[in-house]
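[1] I would like the atomic coordinates for the input below:
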Amino acid sequence: MRNVFVLALALGYPLLAIWQIQARKLRDRLDLLIVLAAGVLFLLFARATTDWQAVPPWIWLIGLVLLAVATALAGWAWPALRWIGSGRPRLRTTSVAVQLVIAAVLVAVLV
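    Model (predicted):
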């Protein structure tokens, strides 16, 4: 069951990143970098913790291809974004804190 959850995260997060980039849901370049860095970390986490004897390795490669597509879309969206465009820095701080808590809980549950 843990393998399924980790793989869903490794495949689902790049899909979410593609949607966010294509729909222009990101506020600035910093958000874009955070989304791509989190995608890379989730893929590496899936690669390290999944039992690859029970799960075909090509599933991880699908996540890698999806993240490559997200990175290509990020290059397309990059010029239209400012570095820091949030008019509300308190909202960004809250968002980062929530993301860190979610990541810590996921690591604690899955490891």
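
[2] which stretches of this structure aren't confidently modelled?
    1, 86-88, 110-111 (pLDDT under 70).

[3] quick one, what contacts the residue nearest in space to the middle of it?
    Nearest to the geometric centre of the chain sits Gly39, at 2.9 Å (CA atoms, centre = their mean). By CB atoms under 8 Å, 6 or more residues apart in numbering, the residues touching Gly39 are 13-14, 17, 67, 70. Bear in mind the C-beta positions are built from the backbone N, C-alpha and C, glycine included.

[4] Quick one: the strands in the chain, in order.
    Using DSSP state E, the chain contains no strands.

[5] Now do the helices in it.
    2-22, 29-49, 58-77, 89-110 (DSSP state H).

[6] Show me the one of the ones you listed that comes nearest Trp83.
    helix 29-49 (5.0 Å; CB to CB).

[7] show me what contacts the residue of the chain positioned farthest from its centre?
    Residue farthest from the centre of the chain, counting by CA atoms, centre = their mean, is Gln53 at 25.0 Å. Contacts of Gln53 were listed using CB under 8 Å, 6+ apart, and none were found.

[8] how close does it get to Ile84?
    Remark: distance between Gln53 and Ile84 (CB to CB, to the nearest Å) = 45 Å.

[9] what's the nearest residue to Leu81 if we skip its chain neighbours?
    Excluding its sequence neighbours, the residue lying closest to Leu81 (CB to CB, 6 or more residues apart in numbering) is Arg29, at 4.7 Å.

[10] Good, wrapping up.
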